[in-house]
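# I'd like to go over a predicted model; first the sequence, then the structure.
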Amino acid sequence: AIPLVVAISTAVSAQNGLLIRNRTAFEESRKISVLLFDKTGTLTKGDFGVTRIESVNEAYSSEEILRLSSALEQSSEHPIAVGIIKKVKEDNMTIPKLENFNAITGKGVEANVEGKQVKVVSPGYLRDEKIEIPKDAFSDAAETVVFVLIDGQLAGYIALADEIRPESAEAIKIFKKNNIKVLMATGDNEITAKAVSDKLGLDGYYSEVLPHQKVEIVEKLQNEGEFVAMTGDGVNDAPALAQANVGIAVGSGTDVAAETADIILVNSNPQDIANLILFGKATYNKMI
Ligand code: ADP
Ligand code: MG
């Protein structure tokens, strides 16, 4: 049966934006009981636009907060960084030079800019450092918010918005019809994660997840007897993709995540996974 399966899986992948790296992944796809999605760029478009820049410190205007942040974000590939740089270019701002850039894994970025120590970080980082989160920061559940610290003091925050992919809802209907639980694991904040989960009717979600915690989530689900498929991107997700029963790397497929994945989702579209599962089931039902 192997040559037939290979032929079919090749046909499926050719038409559906999937690259099947591991031959058994097509066969395994029909056993999936839980799909663990990342949020940004998979369930959502991953195309952030800046919606608000708020100063909470008189010493820094919102323009200055954006300008200093842009120095750091120019060195980052995170979709949040891409959104911030897009805004700076629209506003014709000059991006300042930086020194000692450092990525704070799962929490943000830091560097020295014009003699100041600047950090752009998650709400989780503020909580860890016992810095109070401004009241209005989470006034809109659809926004992702990052906080700007200058010389250790909170200067303000930048809110960004992303959109749910129209294909996500359709794909989730198909998973549910096939008794597949759909979960989401995201580094984003609790409020935004809940809003996306509610809108899509997910079976559950994990928010403010640090990269190493994704492996633990996959293991926990497997210990509960689940056959887990997981989507992920970037170097950070590679260990969890390797642990998953079916690891699905999203995007271009040139990085470390793609090397550890069984399947590459070329267009990052959840509907392509739904098609794969339906096709896998139909194929094996006919063969048995
Ligand atoms: P995810 O891929 O789910 O966004 P990450 O671990 O990449 O998870 O990021 C988690 C959080 O860390 C983001 O939601 C954001 O708050 C913060 N963060 C990460 N990278 C950056 C960055 N370049 N600029 C600002 N904040 C960042
Ligand atoms: Mg990420």
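Structure's in. What do you need? Ligands and ions are numbered 1, 2, ... in the order given.

# who's in contact with the residue of the stretch 101-250 of the chain found nearest ligand 1?
Across the stretch 101-250 of the chain, the shortest distance to ligand 1 (CB to the nearest ligand atom) belongs to residue 187, at 2.2 Å. Quick note: C-beta positions are derived from backbone N, CA and C, even for glycine. For residue 187, the contact set (CB atoms under 8 Å, 6 or more residues apart in numbering) comprises 106, 122, 208, 209, 210, 211.

# same thing but at 7 Å, please
Counting by CB atoms under 7 Å, 6 or more residues apart in numbering, residue 187 touches 106, 208, 209.

# for residue 206, same thing?
By CB under 7 Å, 6+ apart, the contact list for residue 206 reads 185, 217.

# average model confidence for the helix or strand hosting residue 120?
In the assignment (DSSP states H and E), residue 120 maps to strand 116-121. Mean pLDDT, strand 116-121: 98.

# so what secondary structure elements neighbour that strand?
Packing partners of strand 116-121 (3 or more CB pairs under 7 Å, 6 or more residues apart in numbering; DSSP states H and E): helix 62-73, strand 108-113, strand 143-150.

# now do the buried residues in the longest one.
Right, the one you point to is helix 62-73. 62, 64, 65, 66, 67, 68, 69, 70, 71, 72, 73 (16 or more other CB atoms under 10 Å).

# of the residues you listed, which fall within the contact range of ligand 1?
Among the buried residues of helix 62-73, proximity to ligand 1 is found for residue 73 (CB under 6 Å from any ligand atom).

# related to what we said a few turns ago, adding mean pLDDT, write the helices and strands packed on strand 116-121 out as JSON lines.
Below are the helices and strands packed on strand 116-121 laid out as JSON lines (pLDDT from 0 to 100):
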{"stretch": "helix 62-73", "mean pLDDT": "98"}
{"stretch": "strand 108-113", "mean pLDDT": "98"}
{"stretch": "strand 143-150", "mean pLDDT": "98"}
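
# redo those as JSON lines? Include distance to residue 217.
Formatted as JSON lines, the helices and strands packed on strand 116-121 follow (distance: least, CB to CB, whole Å):
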{"stretch": "helix 62-73", "distance to residue 217": "28"}
{"stretch": "strand 108-113", "distance to residue 217": "21"}
{"stretch": "strand 143-150", "distance to residue 217": "21"}
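
# so which of those gets nearest residue 228?
strand 143-150 (25.9 Å; CB to CB).

# sheet-wise, list the partners of that closest one with their directions.
strand 116-121 (antiparallel), strand 153-161 (antiparallel) (DSSP bridges).

# redo these as JSON lines? Include mean neighbour count.
Output for the strands paired with strand 143-150, formatted as JSON lines (neighbours: other CB atoms under 10 Å):
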{"stretch": "strand 116-121", "mean neighbour count": "21"}
{"stretch": "strand 153-161", "mean neighbour count": "22"}
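
# which one, of those strands, ends up nearest to residue 237?
With CB to CB as the yardstick, what comes closest out of the strands paired with strand 143-150 is strand 116-121 (20.2 Å).

# residues in the stretch 1-150 of the chain within reach of ligand 1, list them.
With CB under 6 Å from any ligand atom as the criterion, the stretch 1-150 of the chain meets ligand 1 at residues 38-40, 73, 76, 78, 80-81, 106-109, 120, 122, 146.

# and which of those residues is nearest residue 218?
Among these, residue 38 lies closest to residue 218 (CB to CB), at 12.2 Å.

# the closest one against residue 185, yeah?
Yes: in this structure, residue 38 is within contact of residue 185 by CB atoms under 7 Å, at 6.3 Å.

# these two: who's more crowded?
Applying other CB atoms under 10 Å to residue 38 and residue 185 shows that residue 38 carries more neighbours, namely 26 against 23.

# just the pLDDT for that one.
At residue 38, the model reports a pLDDT of 94.

# just residue 209 next, same as before
pLDDT, read off for residue 209, is 96.

# which of the three states applies to it?
coil (DSSP: H, G, I helix; E, B strand; the rest coil).

# do I have it right that it meets residue 188?
No: between residue 209 and residue 188 no contact is recorded; they are 8.9 Å apart, counting by CB under 7 Å.

# name the element residue 272 belongs to?
Going by DSSP H and E, residue 272 is in helix 270-287.

# which residue ranges of the stretch 151-288 of the chain form strands?
153-161, 181-185, 204-206, 228-232, 246-250, 263-265 (DSSP state E, counting those that start in this stretch).

# around ligand 1, which positions in the stretch 151-288 of the chain sit nearby?
For the stretch 151-288 of the chain, the residues in contact with ligand 1 (CB under 6 Å from any ligand atom) are 186, 187, 188, 211.
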